[in-house]
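>>> sequence and computational prediction follow.
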Amino acid sequence: MEDLVKFVQDEFVAKKDLPEFSAGDTITVYYEIKEGSKTRTQFFRGVVIQRRGSGSSETFTIRKMSGTVGVERIFPVNLPALQKIEVNKRGKVRRARIFYFRELTGKKARIKEKRS
């Protein structure tokens, strides 16, 4: 049964060409918001905390600081409202899921940039 579900997802769900990013990267996600009959584009810029799942059910979590409050948002990869993703900085982290980042404040909450 799982093979059948995976086959249907792979065949019929439209693939989006997203840039390569992983935990620790700072990205900007542009997505469409509908307010009544109007639509507008809004962006969310933050650090990728994790990527989870695979295929069409994959999601990624982004965390940003809004003033002194941390805000996290989970985006599905195949969200129809998702317009584009820009990778602003590549982060150098040792883990795939950086939940420890939530407790860090101030200068400790910086992530080193990967040198290419």
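Sure thing, it's come through.
>>> list the buried residues for the host helix or strand of E72?
E72 belongs to strand 69-76 when assigned by DSSP states H and E. Residues G70, F75 are the ones in strand 69-76 that count as buried (16 or more other C-beta atoms under 10 Å). From N, CA and C alone the C-beta is placed, and that goes for glycine too.
>>> outside of that strand, which residues touch it?
29, 31, 44, 46, 49, 57-65, 82, 102 (C-beta atoms under 8 Å, 6 or more residues apart in numbering).
>>> between those, which is closest to E113?
Nearest to E113 among those: G46, at 15.5 Å, using C-beta to C-beta.
>>> thought that closest one was touching D25?
No - between G46 and D25 there is no contact under C-beta atoms under 8 Å: 10.0 Å.
>>> coming back round to it: what lines up beside the strand holding E72 in the sheet?
strand 59-66 (antiparallel) (DSSP bridges).
>>> what are the contacting residues of the strand it pairs with?
21, 27, 29, 44-53, 70-77, 101-102, 109.
>>> CA atoms of it as PDB?
Provided in PDB are the C-alpha atoms of strand 59-66 (Å, rounded to 0.1, in the frame of the first residue of the first chain):
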ATOM      1  CA  THR A  59       8.500  20.000   5.000                       C
ATOM      2  CA  PHE A  60      11.000  22.500   6.300                       C
ATOM      3  CA  THR A  61      10.900  24.700   9.400                       C
ATOM      4  CA  ILE A  62      12.200  28.300   9.500                       C
ATOM      5  CA  ARG A  63      12.900  30.300  12.600                       C
ATOM      6  CA  LYS A  64      13.300  34.100  12.800                       C
ATOM      7  CA  MET A  65      13.400  36.600  15.600                       C
ATOM      8  CA  SER A  66      10.700  39.200  15.600                       C
END
